[in-house]
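In: would you be able to build a 3D model of this:
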Amino acid sequence: MSTYNSIHIIKELTKIRLTLSVVFSSFISYFLASNEIDYTQLFYLTTGGILIVSSSNIFNQIIEKDLDKSMKRTQNRPLPKNEISTRFALFLAITTALLGLIFMYLINIKVAILAALSIFIYTSIYTPMKLISPIAVFIGAIPGAFPFMIGWVAATNDIGIEALTLFLMQFFWQFPHFWSIGWAQSSDYEKAGFKMLPTGKKDKSTSAQILFYSIWAVLITIVPYFGITGELKLSLAGVCSVIILGAILVHRAYILFLDGKNENANKLMLTSVIYLTLVQLTFLFDKIF
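Out: As a prediction, the model looks like this:
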């Protein structure tokens, strides 16, 4: 196997772009919590985070290998195409998990526990639950929200109101994000037997829930402005910025509610990614300036 093919396989198994975007949220929240940056600790957080998320992604693909063959979106992944053996993929998943947990433990025990819970919930509960009930998205939103929380806990060794607020920001955001993906890819998910949409179909009830959780995602980002979230704060300029960003997200969700075309779901998905990134940067710049 060539070096290029090996790198390509690792990138696909670890979903490297997704992994880096997840770790980015921990990176941001670490800076939000820190008055002085410990670069050794930041290295542990970044490296450990990449390893933990990569491990979860590999475990997920091992479990869903046969299901991925039936989906156009996933049929070219390394395991369905037999570009790598399941045994070697399992070796990579276990190795990255153990190394990731070691790095997290070097920060503090609370971060290590959250990281371990993240892998367990994602692979052992969320992944199999996708075939059983739409509640899987709610379960998956828990480990999905841990990274934004973990950065703060890494810097402070405390799971307080600040860390919980960051958790809720990313928790509620995941519903419009993943349900818009589920909406646009519904036929593909149905082939594999995944139950991703809250009502199981693309109806007004589903789009209403997407709109509802979009509003909640925005409301949580506003709360720090009122001074009730400890050291996590937001200025007037900051809250105005997140309200504008939130209005764009809610508007996109409302358009999907009015017209359930896949095109509108895709636009909402893209908007949600941009929204989360800009909200996180807004909090960071608000603290710095």
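In: and residue 11, how far is that from residue 277?
Out: With the distance defined as C-beta to C-beta, to the nearest Å, residue 11 ends up 21 Å from residue 277. The C-beta positions use only the backbone N, C-alpha and C, and glycine is treated the same way.
In: no wait, residue 81
Out: 31 Å.
In: before we move on, what about residue 237?
Out: Distance from residue 237 to residue 277, by C-beta to C-beta: 18 Å.
In: what's the answer for residue 93, then?
Out: Taking C-beta to C-beta as the measure, residue 93 falls 28 Å from residue 277.
In: same drill for those two, tell me which one is more crowded.
Out: Comparing residue 93 with residue 277 by other C-beta atoms under 10 Å, the one with more neighbours is residue 93, at 23 against 15.
In: what's near enough to touch that one?
Out: 55, 58, 59, 62 (C-beta atoms under 8 Å, 6 or more residues apart in numbering).
In: if you set the cut-off to 6 Å instead, what comes out?
Out: Residues near residue 93 by C-beta atoms under 6 Å, 6 or more residues apart in numbering: 55, 58, 59.
In: for it, pull up the helix or strand it's in.
Out: helix 86-107 (DSSP states H and E).
In: in this structure, which spans are helices?
Out: 3-14, 16-33, 39-63, 65-68, 86-107, 109-120, 127-129, 136-156, 161-184, 186-192, 204-222, 236-258, 262-288 (DSSP state H).
In: residue 228: which of those is closest?
Out: Nearest to residue 228 among the helices of the chain is helix 161-184; the distance by C-beta to C-beta comes to 7.7 Å.
In: return the set of buried residues in the closest one.
Out: Buried residues in helix 161-184, counted by 16 or more other C-beta atoms under 10 Å: 162-184.
In: for ChimeraX, what selects the buried ones among the contacts of residue 93?
Out: Listed next is the ChimeraX selection for buried residues among the contacts of residue 93, using 16+ other C-beta under 10 Å:
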select :55,58,59
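In: what is the burial count for residue 43?
Out: 13.
In: for it, give me its contacts.
Out: No contacts exist for residue 43 under C-beta under 6 Å, 6+ apart.
In: how far away is it from residue 263?
Out: Residue 43 is 42 Å from residue 263, by C-beta to C-beta.
In: check residue 170 too.
Out: In terms of C-beta to C-beta, residue 170 sits 26 Å off from residue 263.
In: need the helices of the chain in JSON lines (columns: mean pLDDT).
Out: Listed next are the helices of the chain as JSON lines, based on pLDDT from 0 to 100:
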{"stretch": "helix 3-14", "mean pLDDT": "83"}
{"stretch": "helix 16-33", "mean pLDDT": "94"}
{"stretch": "helix 39-63", "mean pLDDT": "96"}
{"stretch": "helix 65-68", "mean pLDDT": "90"}
{"stretch": "helix 86-107", "mean pLDDT": "97"}
{"stretch": "helix 109-120", "mean pLDDT": "98"}
{"stretch": "helix 127-129", "mean pLDDT": "95"}
{"stretch": "helix 136-156", "mean pLDDT": "97"}
{"stretch": "helix 161-184", "mean pLDDT": "97"}
{"stretch": "helix 186-192", "mean pLDDT": "89"}
{"stretch": "helix 204-222", "mean pLDDT": "97"}
{"stretch": "helix 236-258", "mean pLDDT": "98"}
{"stretch": "helix 262-288", "mean pLDDT": "97"}
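In: let me see the domain layout of the protein.
Out: For the chain, automatic domain parsing gives the domain ranges 1-159, 161-289.
In: test my guess that residue 141 contacts residue 169.
Out: No. Between residue 141 and residue 169 no contact is recorded; they are 11.6 Å apart, counting by C-beta atoms under 6 Å.
In: any idea how far residue 91 is from residue 60?
Out: 16 Å.
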